[in-house]
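1. Turn this into a structure:
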Amino acid sequence: MQTAAASYPWAKELEKTVVHSLVTTFGLDFVLFKDKDGGSVDTIHNARQGIHATDKERQRYAQRGDYDSDAYHKDPNYIATGKRDKALQEQGRLHDAYSNQTMKVNEERNLDHIIAAKEIHDDAGRVLAECDGVALANQSSNLQTTRETINKSKGQTSVTRYLERLPNRIATYEKTLAGQQKRLESLPRDTPEQKQNARKLEDSIHNTQEKIKNLKSIDPAAMAEKDKKAREDYDGKINDAYYRGSKFMKAAAGQAAVSGLNMGTREMLGLVIAEIWLELREQIPRIIGDLKLKFSFEQFMARIRNALRGIWRRVKKRFRDFLTAFKDGVFAGVMSGVTTTVFNIFATTKKSAIKIIRESWGQLVKALKLMFFNPEKLGPPALCQALAGIVSTAAGVIAGSMVHAQLEPVKFFPYGEELRTFCGALVTGLITLGLTYVLLHSEFSKKAWAYFESIMPHAGEVRKYEAINAELDRYLIELARLEFNMDPEALAVFSRDLAACNDEMQCSLVLQDEISRREIELPYEIGNAASTRQWLTSLAK
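-> Model (predicted):
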């Protein structure tokens, strides 16, 4: 285990991961994306929390106008409901749902808005959905005739808060009643004026007793149930009006499209920039080493130009890879935008959570692509290893994003934002590197993968073709070492391009380009899979 760990290229792999994270997740990400709490699409839930995604909707709410009580209490349905309930009371059939009692003919009644009219007027969700507050307040599900004492004591308070305050309100009235009764006992009744004052106090005591009686008659469960049904109907109409309307659909679709384009651009540019930097990072020390005995600035710049030309040629040859990264990024961006919007319908997402959703979708798309399409036609063991690598990267990116979010206070210090970015990228690199090693390169994981591969069908055939592939690589390397009557300058360019390759794919692209340019005949047709398989089959015989 120690030998394997010592031979693993920790520094090189860490540098690659950190550079890629700095360029994409913690670099271009903050240029292309403007994350904020609640996302970039207005939702009813967020609006009610005082969070608006756009200045337009924030201004619309601020300019909603003052509450007009007359407009709400002169609605035709409000007036018609009052007349209907008056007739029912005269017939002795008017039921008070707040107390589960039938009201007496002579009792004072009021028509109550279960959800207070002012609450509806000031509801940011209603304003966002552009619904008529008067119509919503006066729909039948929100109107309830009750005793005047109950309605006036409720006022513009919500049912939940009213029921919370009800015991204290009753206690206050009882305290007032006790004081009135005590004062009545001490009142003289000798003169007509004194008797009149006593009768006034007795009437006041009777009113207080009626208020206490009416408030105590309230059935909290029945009142809460009425409120629940009224709010379900109210919220249902607002949600239908907004979430099924073109206003929300256009905003959500537009944001998803922007997120997709930005994510695709980030992934593509990130690959290009990281490719250029890592190549230069490897080429510059080599160039300086060659010129250190006799340094010439002109030669140094010429070598740099040649290196950049070679890098640019490889970048152009990998255009399809960059285009694939762009397409994958677009899909991941669209899905992350949709996911963020859906989350914000039910709960407000923090900007750090939005970033984690985006990065998670970026890795999830890669995993889904591997599982369902397997573009490189990997065998089961190699496919599982590739998925394990994606899991490692996802864990690293999420951990780095969380660290970056936790270090937000640091940004107010000099170079604080740069420090946050570096720490986030470093954590991403360390966790990705550690998990990748444990899952793919440690002694235990190697044994586990080897055992997994050994129990797969046709394991012997796979090893045989791997040996053939290794022999083919050796053959191509030997072929590449031939000069092919090249002139010295062309040979130098070809040699530098070949030396600058970091992996087998880059080496293959350089050799393929040179073979095509020199019209070298090979025993198979380049790019023709059937021809290649036929040649490999002939070697195996």
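2. how distant is the longest helix along the chain from the center of its chain?
-> When the chain is parsed with DSSP state H, its longest helix is helix 246-291. A distance of 20 Å separates the centroid of the chain from that of helix 246-291, by CA atoms, centre = their mean, to the nearest Å.
3. who touches Val258 in this structure?
-> By CB atoms under 8 Å, 6 or more residues apart in numbering, Val258 lies in contact with Ser40, Gly337. No exception for glycine: its C-beta is placed from N, CA and C like everyone else's.
4. What distance do you get for it to Gly270?
-> Separation of Val258 from Gly270 (CB to CB, to the nearest Å) stands at 18 Å.
5. Could you identify the helix or strand that succeeds the longest helix of the chain?
-> Under the assignment DSSP states H and E, the closest C-terminal helix or strand after helix 246-291 is helix 297-317.
6. next helix or strand past that following helix?
-> Helix 297-317 is succeeded, C-terminally, by helix 319-346 (DSSP H and E).
7. could you give me the average pLDDT of that next one?
-> If you average the pLDDT over helix 319-346, you get 87.
8. Check stretch 352-368 too.
-> Mean predicted lDDT for stretch 352-368 stands at 79.
9. For it, which outside residues touch it?
-> By CB under 8 Å, 6+ apart, stretch 352-368 touches 25, 29, 33, 35, 39, 259, 263, 267, 328-329, 331-333, 335-336, 339-340, 343, 349, 387, 390-391, 393-394, 397-398, 401-402, 404-405.
10. Please point out which parts of that stretch sit buried.
-> By 16 or more other CB atoms under 10 Å, the buried positions in stretch 352-368 come out as 352-363, 365-367.
11. can you list contacts of stretch 238-248?
-> Under CB under 8 Å, 6+ apart, the answer for stretch 238-248 is Val41, Asp42, Ile44, Asp123, Gly125, Arg126, Leu128, Ala129, Glu130, Cys131, Leu136, Ile345.
12. quick one: that stretch to chain centroid distance?
-> 21 Å.
13. in that stretch, what counts as buried?
-> Ile238, Asn239, Ala241, Tyr242, Phe248.
14. ok, how many other residues are close to Asn168?
-> Using other CB atoms under 10 Å, Asn168 is surrounded by 9 other residues.
15. which other helices and strands contact the host helix or strand of it?
-> According to DSSP H and E, Asn168 maps onto helix 159-186. In this structure, helix 159-186 makes packing contacts with helix 148-154, helix 192-216, helix 220-243, judged by 3 or more CB pairs under 8 Å, 6 or more residues apart in numbering; DSSP states H and E.
16. any chance of those helices in CSV, plus mean pLDDT and distance to Ala97?
-> Below are those laid out as CSV (pLDDT from 0 to 100; distance: least, CB to CB, whole Å):
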stretch, mean pLDDT, distance to Ala97
helix 148-154, 91, 11
helix 192-216, 88, 14
helix 220-243, 94, 5
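17. highest average neighbour count across these?
-> Of the helices and strands packed on helix 159-186, the one with the most neighbours on average (mean count of other CB atoms under 10 Å) is helix 148-154, at a mean of 19.
18. Just name whatever secondary elements that helix is in contact with.
-> By 3+ CB pairs under 8 Å, 6+ apart, helix 148-154 packs against strand 109-113, helix 159-186, helix 192-216.
19. Need the residues that contact that helix.
-> For helix 148-154, contacts defined as CB under 8 Å, 6+ apart pick out 96, 98-99, 107-112, 116, 162, 169, 210-211, 214-215, 218.
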